[in-house]
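Peer 1: coords please:
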Amino acid sequence: MILEQYYIECLSHASYLIGDEGSGTAIVVDPRRDVDGYLEDAERYGLKIVGVVNTHFHADFVSGHLELRKATDAWIGFGEAADTEYPITRLAHGEHISLGEVDIEILATPGHTWESISLLIRESAGATPTAVLTGDSLFIGDVGRPDLANLGNSTNTELAQAMYRTVHDVLLPLPDSVIVMPAHGAGSSCGKNMSDQLTSTIGEQRRTNPSVAPMSEAAFVEMITEGQPSVPSYFAADVALNKSVHGLLDPERHVPELSLADLRAELSSGTAVLDARSVEDFAAGHVSGSVNVGFDGRFAETAGMVSDIGDRIVLITYPGEEQESAKRLARIGSDAVIGYVNSRAAGTIPAELSDLVQTAPRTITSELAQLLADNAVTLVDIRNPGERDFGTIPGALPIPLAQLRSRIDELPADRPVIVHCAGGWRSSVAASLLRAHGRSRVSDLVGGYNAWLDA
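Peer 2: Okay, the predicted model is just below:
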């Protein structure tokens, strides 16, 4: 048996290649759009990819099932409740996929979505299971949230009740030794308490995962329906893309460098500009109207909070990061990156654009304390609800970053605004977003809530 995990930090996303050396066949589970890695490993192992399985309709990225079908002519599998525009193989609970010796049993594990399935992997039929690919049902340290997508006429409560049965009737009864391999890890918006470990075991999760501890169904439902991260606006668009026939990612795609004249023309026409440099370099000087989404953070997911799928985008990047930045946006379906402009030495914007450059004001904790005492500013806390449970700055208005773009009108226009997050990365995103939408008197708190707490 061959079992490979592929993990990308930017989206906290894990995908898998399962193969049988004897038969030379394999399937890929929950693939991303840039599928070269799966194809290269399949060739290296002497495998033919015959199937692609999505454990559910992903909301936080566009799956690569259509790209893999084009490259390999593989069938596409989903749980029985899935409904798509393209032909699929419906996988029912208890059904087996044989790759030769290697046996894969389908487990219906609804709760995150109704069509959610898990894949129980055995080295041979009838053997003790080796691993279970749990999708977004059982995470390391958490379970999948029930409120992202695909609700139809159902409620969050009904999905949470289904997740309770999935956990206690389907997954926890598996042998303690079974390796748990989920589709997401720490930082993902698909749950609120995920570990940064990439694998675990059923036994370890039974002992340490608070979400699967013995409790009543009512207590479980209350726990997993409260305190979840706010949903990025692009999630609904990605669910729709994953259900539909859509354009494929070109593996040879190369985003061009723009001339400064081209950049000026794009700015004049209202094209969005995402500045992928550090918070510090952005603050020192950036193109007016650009939004700071640092390449070193959760770049793709955050970009999906501040722009719409389909928006024309220009990237400003450090040299060497432009193509990877565009690829990360493509993973969430944002394909309309028309070009990039590199920063120069020391991360600065080209001098030829000096007439378009502005600095970003930032506030330190001692200044904020005085401003709050004088009631001179509106303070906005852009952290997620679960983060605020650990403490808040008195008087702060809670608007999670994922909701900020749609709630700008809630901020008073007649006084300065200061935004803060936990450590200072997301607040630069938020402050620049507000300035790009016409709010001129906006700064962010250096070091965020952590710096405030230390002070």
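
Peer 1: Low-confidence bits of the stretch 1-150 of the chain, can you list those?
Peer 2: Within the stretch 1-150 of the chain, the segments meeting pLDDT under 70 span 148-150.

Peer 1: can you rerun that using 80?
Peer 2: Scanning the stretch 1-150 of the chain with the threshold set as pLDDT under 80 gives 147-150.

Peer 1: residue ranges for the helices of it, please.
Peer 2: For the stretch 1-150 of the chain, the helices defined by DSSP state H, counting those that start in this stretch occupy 36-45, 65-72.

Peer 1: As TSV, the ones you listed with distance to K192 and mean neighbour count would be great.
Peer 2: Every residue, glycine included, has its C-beta placed from N, CA and C. As requested, the helices of the stretch 1-150 of the chain are exported to TSV (distance: least, CB to CB, whole Å; neighbours: other CB atoms under 10 Å):
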stretch	distance to K192	mean neighbour count
helix 36-45	29	16
helix 65-72	27	20
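
Peer 1: which helices and strands sit right next to the helix ranked longest in the chain?
Peer 2: Ranked by number of residues, the top helix in the chain under DSSP state H is helix 425-436. If contacts are counted by 3 or more CB pairs under 8 Å, 6 or more residues apart in numbering; DSSP states H and E, helix 425-436 sits against helix 279-284, strand 291-292, helix 299-306, helix 401-404, strand 417-420, strand 442-445.

Peer 1: tilt between that helix and helix 299-306?
Peer 2: Angle, helix 425-436 to helix 299-306, by axes from the mean of the first three to the mean of the last three CA atoms, to 10 degrees: 40 degrees.

Peer 1: If you count neighbours, what's buried in helix 425-436?
Peer 2: The neighbour-count check on helix 425-436 (16 or more other CB atoms under 10 Å) flags 425-436 as buried.

Peer 1: how near is the residue located most distally from the centre of the chain to L241?
Peer 2: Within the chain, the residue lying farthest from the chain centre (CA atoms, centre = their mean) is D374, at 39.2 Å. Here D374 is placed at a distance of 48 Å from L241 (CB to CB, to the nearest Å).

Peer 1: cool, and V429?
Peer 2: Plainly put, V429 is 24 Å away from L241 if you go by CB to CB.

Peer 1: do the same with D308
Peer 2: Counting by CB to CB, the separation of D308 from L241 is 13 Å.

Peer 1: The two: who's more crowded?
Peer 2: Between D308 and L241, counting by other CB atoms under 10 Å, L241 is the more crowded of the two (22 against 14).

Peer 1: what about the more buried one, which SS state?
Peer 2: Following DSSP: H, G, I helix; E, B strand; the rest coil, the label given to L241 is helix.

Peer 1: isn't it right next to V62, touching?
Peer 2: Yes. Between L241 and V62 there is a contact under CB atoms under 8 Å: 5.1 Å.

Peer 1: Now for those two: what residues contact both?
Peer 2: G333 (CB atoms under 8 Å, 6 or more residues apart in numbering).

Peer 1: re earlier: looking at the helices of the stretch 1-150 of the chain, which is closest to T363?
Peer 2: T363 sits nearest to helix 36-45 of all these, at 42.8 Å, using CB to CB.
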